[in-house]
Each structure stands twice: as C-alpha cells, then as structure tokens.
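K.L.:
this is a predicted model, with the sequence first.
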Amino acid sequence: IVNGRNFIGQDLNPMSILVTQGTLLNNINFEDLKEDFKKIQDACQNKIQSLYYVDSFCPSCGAQMVWKHLRTGPKFKNSYTGVIYCPYCNSKATNYSATPKDIERIESSYKIDTPYWFPTTKFPKKFYKDRFSYKGISCVADMYTPRNLYALSLIYNEIQKIQNKDNGLLLLLAFTNTVLHVSKLKGENVRPLGVNNYWIPDDYIEENVWFRYVERVKLVCDAKEMQQQRYKKEKKSSKSFKCGSWQVEKKSALESMGKECVDYYFTDPPYGDAIQYSELSFIWNAWLKEEYDNKEEIIINPVQKKNENDFENLLKKSLQNIYTALKKEKYFTLCFQNKSFGVWKPIIEHCKSLGFSLVDVSIYNTYGNSFNKLWAHFSPKSDIYVTFQKKEACPEYFYDKKETIADIIKNIYIYTQKNHISTDNNKLYDFVVSYLIWSLYYNKADITLKSFTLEKFISMANEAINPTSPQLKLF
C-alpha cells in the first residue's frame, strides 16, 4: 500500500480481519482519537480502579495505590500478595502483601455483579489442544475473575458508544489485545498463548484491567503515529506519492478470486497441526460477537476430522485457485514454515505440477521470539519464503544428481565453514530445507523423505558431520 499497490486481503478468521483493518487505517486524527479515548476514560477509570484499591498511599503524590496484579491462582492458596502502583503519577510498582482491609475488598469483589454484556459463549465440547476444560472452564466468562469480567464489560460497553467508526475500531483493537492479558491464562512469567493453547497455569495472576487497557491503547496510538510519519516521509521524497487502495474480506482460500486478475499473491497458510487458529482465536471472536466458521479451515485437526490427507487436498485446492487468479508470468510467494518437511513435500510438488516455476527461496528471521521458540529446542526460528512464477507448463528438470540427505548436510556445512558463514542447528536446517525445495523442482533424481523434522535433522547431522573434528563439531 505504501508502494502504491492495491491490496485485497482474505481470511476466514474475524479476528484477522479486525487486526488487518486496524493496521491499514491511515489519516487518523489523533486529537479526535484522544477525545474518544477520554470519553471511555471518564466513564471507566475511577469505577475500575476503585475495584483494585489497596490500603496504601503513594509516597510521591499521596494518592491511593492500586493492584497492578494480584497473585491469585491455586498455587498461592489465598496468600494475597502482588504488585501495586500509583494510577496517577505511575509511581514505581512494588511488591505488596494485603492487609485485612485489602483481603475484605478482594473477597467482596468475588461477588460483584456485571450489568453490561459479556460473552457467555460456550467452548466446544472438545478442542484438539485442550488444557483448560479439566480446570472447570466451560465458557469464555470462566476465563476471568468476577472483578476483571466487570471491568472488561464496562470498557466494551463504552467502546460501543464511540461514533467515529475508525476510532472505535482502533480502541476495540486495543481492547482485544487486553482480554487475554487480564485472563487466567496470564502468569507473572507466562504470556497467554505462549504455548499455543489455552493453558491456565496454577500460578495465574489477576491483572489490573485498566492498567493493561491504557497500555494497549498507547501502543496502538504509537504504532499509528509511526505509520503516519512513514507516509509523510514517502510524500516528501516523491511528489507523485499515492497510497494504494485496499479491501479486506472474510473469505475462504477455497473460493475462487477469478481468472488472471491478480499481479502478485502472498499466502502464509497454517502449518499442519502446529497452530490451531480457530481454537486460539475463540476468546477474541467471542468478545467481537463473531464466529469463526472453520468448515473450510485448511488445517490438520482430528476433532474437525481433518487428517494430513485432508490438509494436503485443501491446500492443493487453494493453490489451484491462486494459479488460476494469477496473470501470466506473475509471481506467487508461499511462506513455508519448516517444522516438518514431510508434510510440505507434496505441496511443493503440487506447485510444480500446476505449472509454477520456482524462482527464489529466501530465509527470513521472524520478528520477536514466542515462548515456544525460546523454550523448545526443536522449534524452528525462521520462515522460508518460496517464490514461484506462473508458467504455461510444468518446469523441466535441470540436472540428474543422486544425493543422500547426509551428503547434502555435510556439503552445506562444509560450504558455510569455508565461506565463514555463521550458522547453528536451526540455520543449517533452513539451508538444507531450502536446498531440498530446489532439488524437488529441478533434480530428476529423487530424494526419499518420509519424515524430516528439525529433531531428526540434528540426529542425521551428528552422523554426517564428524563430531570428533574440532573444525566440524557443531551439534
């Protein structure tokens, strides 16, 4: 869009639509946005913060302190400790143990009534990755303490009153980024969804809803201001600068876009069963009063009765639609997340059978690190972008070279050493996967790959590379 291109975004997930729309909004009047936020602040701040008062006063300004978060999971056994801060001068947060008066307030908050709407949506009887129902959680509201549910419903109620559609969308976007942080999914050292499912730690905390919402609103405003500065910079450098147009549709990749109507296509499909998007979006979409219709979700999920063959067939159908929609000689990029190459091998082969020519394989480090990536030794740390060009016929083989996986691993490793290319297990795995993608396309000799994960790769690499040689010792 910044480069003047027109964009059409499609996704089945309502939450994805909201995030994309919020990202693409420009020409924001920040004074109006601040005024609309102040309306929410005036209606909510005092009501919510009074729920979190503690029997302590700020040493800097004298205001009554509030809980920033209270340690409240079953592991703490009603110890009533946490972190407090001043909501007015933001005095430094400190550890705090509740007084008898504080405990009385906390226990009375368990009986609070919520007069505004909140989602009572029932979770499906079974998630594929279920780590919460055994703890008595049956609906979205169960994910919150009564106090936090009240605070969220109050903020949501005020957001609905915002008449400026764009401002309302941005303030709702900040709200959706609040709802998981103030749930029972949050611990002092655990981020919600950090382990790719709704896991409720025994040491969960009750976080101050107003504190978190204000922080998220600030992040949204900072992001939009950075975006506006980028547009201004582009306009200054080019008198002919004009943003591209855009539209976002709640639509399945299995629906046809038409014939030869697209100049470039980018897709980042689900990675087998690694991330269950419809399940992990359930709470967000419940607060949006939306439903993720997952009948056409391209995924491996036994609960949805979709196995590897179903995933492969659904993805192939979407690739056929991409090929049909692309103009001749135009390009298509597939984000290839390389956790299990065996799942992706037939997909890459299908791209070739459609008539796509492989023109580029690039490795990109992902921004940030999820809990999974930091914790899991065998979790990939990067994405591979595979770019194709639409051709009329299946590409021909370029060479016929018989190789084993061990040969490939050893040759690539030696190449990186000779050329002083910094590498580790994950990077070397990416190089090998990239090579295998090229080989699938242009090497007539077949390389047998029934299963090829990062874990298996490390085992094979230890056999292929002499571990006793200081020059080659890596793993």
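P.N.:
All right, it came through fine.
K.L.:
quick one: the strands in this structure, in order.
P.N.:
Using DSSP state E, the strands of the chain run over 7-11, 53-57, 64-71, 81-85, 94-97, 205-207, 246-250, 262-267, 326-336, 356-365, 382-390.
K.L.:
from memory F452 sits against W344, does it?
P.N.:
No: at 9.5 Å, F452 does not count as touching W344 under the criterion of CB atoms under 8 Å. All C-beta spots, glycine's among them, are computed from the backbone N, C-alpha and C.
K.L.:
when these two are compared, which one has more neighbours?
P.N.:
Taking neighbours as other CB atoms under 10 Å, F452 and W344 compare with W344 leading, 27 against 23.
K.L.:
from F311, how far out is the more buried one?
P.N.:
10 Å (CB to CB, to the nearest Å).
K.L.:
which helices and strands sit right next to the longest helix anywhere in the chain?
P.N.:
The longest helix of the chain (DSSP state H) is helix 209-237. The elements that helix 209-237 packs onto, with contact taken as 3 or more CB pairs under 8 Å, 6 or more residues apart in numbering; DSSP states H and E, are helix 30-49, helix 146-159, helix 165-179.
K.L.:
list the buried residues of the last one.
P.N.:
To tie it back to what came earlier, the one meant is helix 165-179. Using 16 or more other CB atoms under 10 Å as the test for burial, helix 165-179 gives 166-167, 170-179.
K.L.:
the inter-axis angle of that helix versus helix 209-237?
P.N.:
Orientation of helix 165-179 against helix 209-237 (axes from the mean of the first three to the mean of the last three CA atoms, to 10 degrees) gives an angle of 130 degrees.
K.L.:
excluding chain neighbours, give the residue nearest to V361 in space.
P.N.:
S434 (4.5 Å; CB to CB, 6 or more residues apart in numbering).
K.L.:
and that neighbour, how many neighbours does it have?
P.N.:
For S434, the neighbour count with other CB under 10 Å is 18.
K.L.:
now do K135
P.N.:
Neighbours around K135, by other CB under 10 Å: 13.
K.L.:
likewise the one 4 residues further on?
P.N.:
Each residue near C139 was counted by other CB under 10 Å, and the total is 12.
K.L.:
excluding chain neighbours, give the residue nearest to it in space.
P.N.:
That would be K122: by CB to CB, 6+ apart, it lies 4.9 Å from C139.
K.L.:
isn't that neighbour right up against D142?
P.N.:
No: using CB under 8 Å, K122 is not in contact with D142; the gap is 9.8 Å.
K.L.:
neighbour count winner among those two?
P.N.:
Between K122 and D142, D142 has the larger neighbour count (other CB under 10 Å), namely 18 against 12.
K.L.:
tell me how far the more buried one lies from I8.
P.N.:
According to CB to CB, D142 stands 38 Å off from I8.
K.L.:
ditto for T387
P.N.:
From T387 across to I8, the span is 19 Å (CB to CB).
K.L.:
how about F282?
P.N.:
Taken as CB to CB, the span from F282 to I8 is 26 Å.
K.L.:
so which of those two has more stuff around it?
P.N.:
More crowded of F282 and I8, by other CB under 10 Å: F282, with 20 against 14.
K.L.:
who's in contact with that one?
P.N.:
Contacts for F282 (CB atoms under 8 Å, 6 or more residues apart in numbering) come out as 121, 123, 140, 198, 292.
K.L.:
model confidence for the residue nearest to the first one when sequence neighbours are not counted, exactly?
P.N.:
By that I understand T121. Excluding the flanking residues, the one nearest T121 by CB to CB, 6+ apart is A286, at 4.2 Å. Looking at A286, its pLDDT is 97.
K.L.:
you'd agree A286 is up against F123?
P.N.:
No: A286 is not in contact with F123 according to CB under 8 Å; the separation is 9.2 Å.
K.L.:
between the two, which contacts overlap?
P.N.:
Common contact partners of A286 and F123 (CB under 8 Å, 6+ apart): V140.
K.L.:
circling back: in TSV: the helices and strands packed on helix 209-237, plus distance to K444 and mean pLDDT.
P.N.:
Output for the helices and strands packed on helix 209-237, formatted as TSV (distance: least, CB to CB, whole Å; pLDDT from 0 to 100):
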stretch	distance to K444	mean pLDDT
helix 30-49	60	97
helix 146-159	60	97
helix 165-179	50	98
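K.L.:
could I get these in TSV, plus columns for distance to E188?
P.N.:
Shown next, in TSV, are the helices and strands packed on helix 209-237 (distance: least, CB to CB, whole Å):
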stretch	distance to E188
helix 30-49	21
helix 146-159	16
helix 165-179	18
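K.L.:
so which of those gets nearest I298?
P.N.:
Comparison of the helices and strands packed on helix 209-237 against I298 by CB to CB identifies helix 165-179 as nearest, at 23.7 Å.
K.L.:
coming back round to it: next up, the contacts around the residue nearest to T121.
P.N.:
Listed by CB under 8 Å, 6+ apart, the contact set of A286 reads 119, 121, 140.
K.L.:
now, of these, which are buried?
P.N.:
Taking 16+ other CB under 10 Å as the criterion, what is buried in these is 119, 140.
K.L.:
so of the contacts of A286, which ones are in helices?
P.N.:
Going by DSSP H, the helices hold none of those.
K.L.:
ramachandran angles for the closest residue to N301 other than its chain neighbours?
P.N.:
Using CB to CB, 6+ apart and skipping residues adjacent in sequence, the residue nearest N301 is Y128, 4.8 Å away. With angles defined as degrees, to the nearest 10, Y128 sits at phi -60, psi -40.
K.L.:
and the gap between Y128 and Y277?
P.N.:
11 Å.
K.L.:
E234 now?
P.N.:
Separation of E234 from Y277 (CB to CB) stands at 33 Å.
K.L.:
the more surrounded of those two?
P.N.:
Neighbours of E234 and Y277, each counted by other CB under 10 Å, are more numerous for Y277; the result is 19 against 15.
K.L.:
so that one touches E297, yeah?
P.N.:
Yes: judged on CB under 8 Å, Y277 makes contact with E297 at a distance of 6.9 Å.
K.L.:
list the residues that contact both of those two?
P.N.:
P270.
K.L.:
burial of the closest residue to A393 other than its chain neighbours, as a residue count?
P.N.:
The spatial neighbour of A393 that comes closest, neighbours along the chain excluded (CB to CB, 6+ apart), is G355 at 5.7 Å. The burial count assigned to G355 is 15, neighbours taken as other CB under 10 Å.
K.L.:
now do S256
P.N.:
Per other CB under 10 Å, the neighbour tally for S256 reads 12.
K.L.:
list the residues that contact it.
P.N.:
Here S256 is in contact with 321, 324-325 (criterion: CB under 8 Å, 6+ apart).
K.L.:
7 Å instead, please
P.N.:
Shown in contact with S256 (CB atoms under 7 Å, 6 or more residues apart in numbering): 321, 324.
K.L.:
quick one: it from K111, how far?
P.N.:
Here the criterion is CB to CB. By it, S256 lies 55 Å from K111.
K.L.:
right, I'll call it a day here.
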